[in-house]
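Peer 1: here are the coordinates; sequence isn't available:
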C-alpha cells in the first residue's frame with residue numbers, strides 16, 4: 001500500500017470500557033501534537049469530556065481513517081457505517097476477546113505512523129444485506145431470523161436464487177458471512193469458513209428434523225427465507241449482527257445476499273486466519 005493520507009481521524013469507542021476512554025484521550029493528545037484532527041460522535045465526545053470534538057456520525061465516518069477502541073461489538077457497529085463510505089478501520093484491542101482487532105492499545109501510535117507511511121495492507125471483508133420489503137440492513141457477521149421467547153417452532157422455507165433448497169420447522173435460521181462463521185453460526189453447528197472465500201453460510205437453529213444441516217452457497221446467489229407459521233400471533237424477529245432488530249410478521253419473506261459494499265480493515269501482521277483461530281478459539285488444541 002502507498003502512503004496513506006491521515007489528516008483526520010474518526011474515533012469510535014466502547015464508552016463503558018475504561019481502557020477505551022483512556023485510549024481515546026491519549027489518541028487525541030497524540031493527534032493534536034501531530035497537527036491532525038480527531039472527530040467523535042457527539043455522545044462519545046461528551047463521555048470522555050471533549051464535547052467540542054463531537055460531530056454527526058456521517059462526518060466522523062468520512063474521515064481518512066476510523067480508529068475503533070472497543071470490542072468486536074463496537075467494530076461490527078462501525079463496519080456497518082464505514083463500508084458505504086469506503087473508510088478503512090483500524091481496530092484496537094482494549095482488553096476484550098478481540099477476534100477482529102489488529103493491534104493492542106499500547107501499539108496504537110506506532111500503527112498510526114505505519115498507516116501514514118503506507119506500511120500496511122487493506123483487507124476487504126464481505127458484508128451481507130438483509131431486505132424486508134423496501135428496508136435494507138447491512139451486517140458484517142450475520143442475519144438471524146428467530147422466534148420470540150414464548151413462541152413455538154416456526155416453519156421455514158429456504159430458496160437460493162429462487163430454487164428451493166430446504167423446508168423445516170426450527171427455532172430460527174442464521175445466514176452468515178465468512179467473518180460471521182466464527183460467531184453465532186459456529187455455536188449453532190455451522191462450519192468455520194476462511195474470510196477470503198466469497199460465500200454465505202446458512203445454518204438452522206435447533207431444527208426439529210434429522211436432515212437439516214448447514215449449507216454453504218456462493219455469494220452470487222440470493223437467499224430467500226419464507227416464514228410459514230400457522231400461529232397468527234407468532235413472534236418473529238430479524239436481527240443483524242446482534243445489534244439491529246426488526247419484528248417480522250409470521251408469514252414474512254426475507255431476502256439475504258451480499259451487500260454492495262465491503263468493510264475495509266487495516267492489517268499490519270502477516271498472521272494467518274488459522275493462527276488466529278488457534279490463538280482466540282483454541283482451534284485444534286489438545287484436550
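Peer 2: Cool, the structure landed. This structure is a prediction, so every number in the text was calculated from the model and none was measured.
Peer 1: what's the longest helix belonging to the chain packed up against?
Peer 2: Using DSSP state H to define each element, the chain has its longest helix at helix 18-34. Secondary-structure packing of helix 18-34 (3 or more C-beta pairs under 8 Å, 6 or more residues apart in numbering; DSSP states H and E): strand 8-13, strand 37-41, strand 65-69, helix 108-117. Using the backbone N, CA and C atoms, a C-beta is placed for each residue, glycine as well.
Peer 1: what about the strands in the stretch 101-250 of the chain?
Peer 2: 103-104, 121-132, 135-139, 142-147, 154-160, 163-170, 172-176, 199-205, 215-218, 223-227, 236-240, 244-248 (DSSP state E, counting those that start in this stretch).
Peer 1: can you give the contact residues for the fourth one?
Peer 2: With contacts defined as C-beta atoms under 8 Å, 6 or more residues apart in numbering, strand 142-147 is touched by 128, 130, 137, 153-154, 156, 171-177, 180, 183-185, 205, 225, 227, 234-242, 248, 254, 256.
Peer 1: quick one: it to strand 172-176, angle?
Peer 2: Per axes from the mean of the first three to the mean of the last three C-alpha atoms, to 10 degrees, the angle that strand 142-147 makes with strand 172-176 is 180 degrees.
Peer 1: was I right about residue 39 contacting residue 63?
Peer 2: Yes. Taking C-beta atoms under 8 Å as the definition, residue 39 is a contact partner of residue 63 at 6.0 Å.
Peer 1: overlap in contacts of the two?
Peer 2: 8, 9, 10.
Peer 1: and the longest helix of the chain, how far from the chain's centre?
Peer 2: Here the centre of helix 18-34 is set off from its chain's centre by 25 Å, with C-alpha atoms, centre = their mean, to the nearest Å.
Peer 1: check stretch 28-47 too.
Peer 2: With C-alpha atoms, centre = their mean, you get 24 Å for stretch 28-47.
Peer 1: can you give me the end-to-end span of that stretch?
Peer 2: Across its full length, stretch 28-47 reaches 14 Å end to end, with C-alpha to C-alpha, to the nearest Å as the criterion.
Peer 1: follow-up on the earlier one: report the buried members of the shared contacts of residue 39 and residue 63.
Peer 2: For the shared contacts of residue 39 and residue 63, a burial check counting by 16 or more other C-beta atoms under 10 Å picks out 8, 9, 10.
Peer 1: per-residue confidence for the second one?
Peer 2: When you say that, I think you mean residue 9. We note a pLDDT of 98 for residue 9 in this prediction.
Peer 1: so it sits against residue 34, correct?
Peer 2: No. Judged on C-beta under 8 Å, residue 9 makes no contact with residue 34 at a distance of 9.7 Å.
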